[in-house]
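K.L.:
sequence? don't have it. structure:
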């Protein structure tokens, strides 16, 4: 399986996954990382790890559909089988969904369906729940509504600050995402073998 990672910002999940690919712990091949921001730190991480990187921004196109068409063309040129979102802060539109149905993974920092959207950690913390967590799910045309593949709870302790909770969530993400991705890639290999 040829994998592309899409990220918008810091890229810590990208780096955790890239290390796993480079150590041979994930089946398949990490082909490139893409960011929708030219100045995203994830691109610096990619350079440091010698991972091919691409970047263009929505504002460089007439509209979101044209942007997604260009991204789809890049994915197809590179023969990508699976898209992995790692802090990609755009809603995936029909252009990508129609070509990569059930082949786009996302990680979200809450126990979905609770606290979807951009601020899952902050929303859970401010609401006062005792348990939040991390969800890995397939992407559909909603906001964090696709079929759930795996979840892991994270306790919110009385002494936790928002910052300490964010750190616990990120540690959980960096452990859970590679594990789930490995299972998905292995399952895909099995399915391909059966089909031959």
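P.N.:
Great, that's in hand. Fair warning: this is a prediction, and the values are worked out from it, not measured in the lab.
K.L.:
residue 132 and residue 120, how far apart?
P.N.:
In this view, residue 132 and residue 120 are 8 Å apart by Cβ to Cβ, to the nearest Å. Any C-beta I mention is one placed from the backbone N, CA and C, and that applies to glycine too.
K.L.:
actually, residue 114.
P.N.:
Taking Cβ to Cβ, one finds residue 114 at 8 Å from residue 120.
K.L.:
what is in contact with these two at once?
P.N.:
Contact with both residue 114 and residue 120 is made by residues residue 132, according to Cβ atoms under 8 Å, 6 or more residues apart in numbering.
K.L.:
what about the longest helix seen in the chain, distance to the chain center?
P.N.:
Using DSSP state H, we find that the single longest helix of the chain is helix 162-195. Relative to its parent chain, helix 162-195 has a centroid offset of 10 Å by Cα atoms, centre = their mean, to the nearest Å.
K.L.:
tell me the buried residues in it?
P.N.:
For helix 162-195, the neighbour count (16 or more other Cβ atoms under 10 Å) marks 165, 168-170, 172-174, 176-178, 180-181, 184-185, 188 as buried.
K.L.:
for residue 145, state which of the residues you listed is nearest.
P.N.:
Nearest to residue 145 among those, counting by Cβ to Cβ, is residue 180 at 17.8 Å.
K.L.:
tell me which stretches of this protein form strands.
P.N.:
Here the chain has its strands, by DSSP state E, at 2-7, 29-35, 53-55, 82-85, 104-108, 131-138, 148-155.
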